[in-house]
Structure formats: structure tokens, C-alpha cells
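>>> quick one, structure for this:
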Amino acid sequence: MELKTARLTVLIDPAKKKAFEALCDRQDVTPSQVVRRLIRDYLNHHGVTFVPSGVKQEEEADEKS
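Modelled structure (predicted):
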């Protein structure tokens, strides 16, 4: 699970934003959840690997237990 977050500012057309938020609401997800999933899928699609923030700390804590 990712522990740290960073802000990403995206400029989009207001009508597109409204439609996106409405769709997210109908699907009971937040716009942030959808954007995080899109980014994760995009990275995977292009073979980019990364270690989510907080993973290393969690593994070290498990090893010490």
C-alpha cells in the first residue's frame, strides 16, 4: 500500500471534468482513484517498474518482527 502522496495538477476542459466527475460518482469511485489506476496501467503497459512509496518501510518492519 502506498503511504505517501504527491499532488498532480491537470488542466482539462470544464465540461469534460464535469462529465468525468459524474461518471465517477455513478461508478462509486473518486476521480483520484480513477486517475491513479490510469497512471498505474499506463506505466505497466510501457514496462515501467516502480516501488510504491512505503513498500520498503513495510517490508523492513515485517523482517524485524
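>>> so where's this structure uncertain?
The model of the chain has pLDDT under 70 over residues 1, 56-65.
>>> give me the buried positions along the lengthiest helix in it.
When the chain is scanned for its longest helix (criterion: DSSP state H), the result is helix 31-45. For helix 31-45, a neighbour-count test (16 or more other C-beta atoms under 10 Å) marks nothing as buried. No exception for glycine: its C-beta is placed from N, CA and C like everyone else's.
>>> who does it touch, helix- and strand-wise?
Other elements packing on helix 31-45 under the criterion 3 or more C-beta pairs under 8 Å, 6 or more residues apart in numbering; DSSP states H and E are helix 14-26.
>>> report the buried residues of the helix it packs on.
Residues of helix 14-26 classed as buried: Cys24 (neighbour count, 16+ other C-beta under 10 Å).
>>> mind giving me the packing neighbours of that helix?
Helix 14-26 sits against helix 31-45, with contacts defined as 3+ C-beta pairs under 8 Å, 6+ apart.
>>> for the residue most central in space within the chain, give its distance to Ala15.
Geometric centre of the chain, nearest residue: Arg36, 2.0 Å, by C-alpha atoms, centre = their mean. In this view, Arg36 and Ala15 are 23 Å apart by C-beta to C-beta, to the nearest Å.
>>> great, nothing more from me.
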